[in-house]
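*Asks:* Give the three-dimensional model of this entry:
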Amino acid sequence: MRLPDNYDNTKPYWLIFAYHWNGGVAADIDSGGGNGYWWAYYGLQRKSQNGAIFVAPDSANGGAGWNSDIDIPFTDDMVKLITENYCVDMSNIITSGFSWGGGMSYSLATVRATTAAAGYAFRAAVIYEGGAIPGTNPDTNSTSPIALWQKEGLTDTTVGLSLATPARDQFVKNNGCTGWTSDAIPAPDQTPSKTSTNVSTEPPQPPTPGAYINPGGHICTNYTGCSAGHSIRWCVDQSAHGPGAIDGNSSLYNPCASPPNTCSQSCPCTWTPDDVWTWLNDPSSNVYTLNATTAN
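*Replies:* As a prediction, the model looks like this:
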């Protein structure tokens, strides 16, 4: 667990959970792995300027994936312990995760979107390449709304669209969304294109998977008409199974953020931390997010 810089026990702070992938451990989330601090907590600790409480749990299975029967009560216990001892903004508890950790976040979104079950609720779920993964057992019958940011790669054969879209579609329905607007930049000299249609039609996707275009390569859809506080942002890119896609690049490991490399115009890093942080702070934002080229 990481407390904010200059923690003040009279100031309520956001509480952000980050769940690891199958084979990962909490230390990978906390350290940022090979990318270091730039990617710690999926890049959100950096984007917050160390301004939130961040928690990286270890699954009960010791890195072998998340099990909702064990790990949801574990999450409840963590929230209870943290909120009893630290000053938490109870309206801003957020879950995030990649792959199996994304499945865990989906499961939590279905059962902890209201305070009825455990006395607290997640305000938002952030899912990287996750969805209806066996073992995480989301409550697909839940009708509770929650804000959702979700990313899926079209060439992901580990957790593909068939597992990812059920999460999106469940909350499109639960949140009462009625339409959508998408942003994409297909070429450097073009401005973002916007299209609105009905949710009965699948939102647009990038060109043929593998055709990496720069600075294009991903399309984000903001659903419209959703109930208050329950926005949905769905991003699709051309990459495979990784949380840090880079437009114009098939790399899954965000190498330009790994020291001694630094993010730059000639060596860009993933756009996902910027996009997620913007959305968490302004769910109505529909700004196309470019590759990151700075260390900020």
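
*Asks:* For the lengthiest strand in the chain, which strands pair with it and how are they oriented?
*Replies:* Using DSSP state E, we find that the single longest strand of the chain is strand 88-98. If you go by DSSP bridges, strand 88-98 pairs up with strand 13-19 (parallel), strand 124-128 (parallel).

*Asks:* mind putting those strands in a markdown table, mean neighbour count and distance to residue 97 included?
*Replies:* In this view, the C-beta of every residue, glycine as well, is placed from N, C-alpha and C. Formatted as a markdown table, the strands paired with strand 88-98 follow (neighbours: other Cβ atoms under 10 Å; distance: least, Cβ to Cβ, whole Å):
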| stretch | mean neighbour count | distance to residue 97 |
| --- | --- | --- |
| strand 13-19 | 25 | 3 |
| strand 124-128 | 28 | 7 |
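
*Asks:* Output these as TSV; include the columns distance to residue 206 and mean pLDDT.
*Replies:* Below are these laid out as TSV (distance: least, Cβ to Cβ, whole Å; pLDDT from 0 to 100):
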stretch	distance to residue 206	mean pLDDT
strand 13-19	27	98
strand 124-128	17	98
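
*Asks:* For residue 224, which of these is the nearest?
*Replies:* Residue 224 lies closest to strand 124-128 among those, at 17.4 Å (Cβ to Cβ).

*Asks:* Can you give me the first-to-last residue distance of stretch 257-267?
*Replies:* Taking Cα to Cα, to the nearest Å, stretch 257-267 runs 9 Å from one end to the other.

*Asks:* and what of stretch 241-257?
*Replies:* 18 Å.

*Asks:* coming back round to it: to residue 142, which of the strands paired with strand 88-98 lies closest?
*Replies:* Nearest to residue 142, of the strands paired with strand 88-98 and by Cβ to Cβ, is strand 124-128 at 12.2 Å.

*Asks:* the inter-axis angle of the next helix or strand after the closest one versus strand 124-128?
*Replies:* Moving toward the C-terminus from strand 124-128, the next helix or strand (DSSP states H and E) is strand 147-153. Here strand 147-153 points in a direction 0 degrees away from that of strand 124-128 (axes from the mean of the first three to the mean of the last three Cα atoms, to 10 degrees).

*Asks:* list the buried ones in the following helix or strand past strand 147-153?
*Replies:* Tracing the chain past strand 147-153, the next element assigned as helix or strand by DSSP H and E is helix 161-174. Using 16 or more other Cβ atoms under 10 Å as the burial criterion, the residues of helix 161-174 that qualify are 161, 163-165, 167-168, 170-172, 174.

*Asks:* can you pull the contacts of the closest residue in space to residue 179 that isn't next to it in sequence?
*Replies:* Nearest residue to residue 179, sequence neighbours excluded (Cβ to Cβ, 6 or more residues apart in numbering): residue 224, at 4.4 Å. When contacts are counted by Cβ atoms under 8 Å, 6 or more residues apart in numbering, residue 224 touches 177-181, 196.

*Asks:* what about residue 224, distance to residue 171?
*Replies:* The gap separating residue 224 from residue 171 is 14 Å, by Cβ to Cβ, to the nearest Å.

*Asks:* what's the answer for residue 267, then?
*Replies:* Here the criterion is Cβ to Cβ. By it, residue 267 lies 36 Å from residue 171.
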